[in-house]
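**Student:** Structural data only, the sequence is not supplied:
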């Protein structure tokens, strides 16, 4: 292993990159932080927008990578950052191939989800590990699950711009056909079973509000979603947002009634965009709440209705300050630098 040329190169790898899903969004933040630290970055993904697209890595692919395909994609990288591809084996052949190709070389495995957290995937075996790797989780709960497998992990939660660009409320609402005095409940999630679409819809109905779901149906949830929305007693919008800033600006309440999340970005985004949040009973949500956030229980319709009738901006001020103090994107480069400096097997980072 010869001395590294400056700057060093990081390879970011995942099932998909460049999209609006949580993994893509957070991987892009790490890419920006690495560039700020002076690294070169190359992205590798099964689908989406990436420097190298290998369809065999997509979650929906059935075939393993060809011999040498991953080695070529990762070649010249000083560290490979694997975003969830070895955490949640949606494509077991790809997960196993990536793990094999990284044996003995510096890698950061960033776990947005873990197989053990999903009943349908827990049988696929333990999380891969190697002495040259470092594991990063988004929550203490996930780190505890890895510890139970004998794998130590750092906790580095998702980071957010504490002062995001403001959206255009009036223009966004007009484009949605929402009247000036009409109450709008935003559910900024994909449409899958664990996101709690029926609960979000029930909340909007109880408030006499329009319900807006931004994400498409995935994981075979299309027929169930169609039935749920067809049975709605109020006005329903199911369409993507032009920008998330406009979506948050347009709404009066953010609904996030999920039962399972690796992190749950709307919890922090609602705070930075100064919108009240109604949450479901997901485990990481309880962990995040302990930082001091004031959120509503998504099932407590009367309390939410009372707050919306007489909004108290002090709640929004408080949540925005908690987000700034504990989840600021400004701290990410330094946090990531410390992780990379402590990567096993990299006294002086070498080029592979």
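**Tutor:** The structure has been received and is ready for your questions. Bear in mind the structure is a predicted one, so any value in this text is a computation, not a measurement.

**Student:** CA atoms for contacts and neighbours, from now on please.
**Tutor:** Will do.

**Student:** For the closest residue to residue 133 other than its chain neighbours, name its beta-bridge partners.
**Tutor:** Ranked by C-alpha to C-alpha, 6 or more residues apart in numbering and with sequence neighbours excluded, the top spatial neighbour of residue 133 is residue 107, at 4.8 Å. Per DSSP bridges, the residues bridged to residue 107 are residue 80, residue 133.

**Student:** now the helices for the stretch 1-150 of the chain?
**Tutor:** 22-36, 69-74, 92-101, 140-148 (DSSP state H, counting those that start in this stretch).

**Student:** shouldn't the residue nearest to residue 133 be in contact with residue 130?
**Tutor:** No. Assessed by C-alpha atoms under 8 Å, residue 107 is found out of contact with residue 130, at 9.1 Å.

**Student:** Please say which of these two ends up with more neighbours.
**Tutor:** It is residue 107, of residue 107 and residue 130, that has more neighbours when counted by other C-alpha atoms under 10 Å, with 29 against 17.

**Student:** ok, residues contacting stretch 297-304?
**Tutor:** For stretch 297-304, contacts defined as C-alpha atoms under 8 Å, 6 or more residues apart in numbering pick out 199-200, 203, 206-207, 255-257, 278-280, 296.

**Student:** Show me what counts as buried in that stretch.
**Tutor:** 297-299, 301, 304 (16 or more other C-alpha atoms under 10 Å).

**Student:** same question, stretch 71-83
**Tutor:** Neighbour count says stretch 71-83 has 73-74, 76-83 buried, by 16+ other C-alpha under 10 Å.

**Student:** hmm, back to that, residues contacting the residue nearest to residue 133?
**Tutor:** Contacts of residue 107 (C-alpha under 8 Å, 6+ apart): 79-82, 132-134, 343.

**Student:** any idea which of the contacts of stretch 297-304 is closest to residue 26?
**Tutor:** Lowest distance from residue 26 to these (C-alpha to C-alpha) belongs to residue 256, with 18.7 Å.

**Student:** I'd say the closest one and residue 187 touch.
**Tutor:** Yes. Proximity of residue 256 to residue 187 meets the contact threshold set by C-alpha under 8 Å, at 6.1 Å.

**Student:** and for those two, which residues touch both?
**Tutor:** With C-alpha under 8 Å, 6+ apart as the test, residue 256 and residue 187 both reach residue 200.

**Student:** circling back to that earlier point, farthest pair within the buried residues of stretch 71-83?
**Tutor:** 76 and 83 (18.7 Å).

**Student:** Can you pull out the low-pLDDT segments for the stretch 1-150 of the chain?
**Tutor:** Residue ranges of the stretch 1-150 of the chain with pLDDT under 70: 1-6, 119, 122-123.

**Student:** make it 90
**Tutor:** For the stretch 1-150 of the chain, residues meeting the criterion pLDDT under 90 lie at 1-7, 20-22, 60-64, 67, 89-90, 115-126.

**Student:** Farthest pair within the buried residues of stretch 297-304?
**Tutor:** Longest span within the buried residues of stretch 297-304, C-alpha to C-alpha: 299 and 304, 9.1 Å.

**Student:** on that earlier part again, would a markdown table of the buried residues of stretch 71-83 with distance to residue 158 be doable?
**Tutor:** Listed next are the buried residues of stretch 71-83 as a markdown table, based on distance: C-alpha to C-alpha, whole Å:
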| residue | distance to residue 158 |
| --- | --- |
| 73 | 27 |
| 74 | 25 |
| 76 | 28 |
| 77 | 24 |
| 78 | 23 |
| 79 | 20 |
| 80 | 19 |
| 81 | 15 |
| 82 | 15 |
| 83 | 13 |
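
**Student:** Relative to residue 115, which of those is nearest.
**Tutor:** Of the buried residues of stretch 71-83, the one sitting nearest to residue 115 (C-alpha to C-alpha) turns out to be residue 83, at 13.8 Å.

**Student:** shouldn't that closest one be in contact with residue 113?
**Tutor:** No. Using C-alpha under 8 Å, residue 83 is not in contact with residue 113, being 9.7 Å away.

**Student:** Please report how far residue 150 lies from residue 135.
**Tutor:** As for residue 150, its distance to residue 135 is 12 Å (criterion: C-alpha to C-alpha, to the nearest Å).
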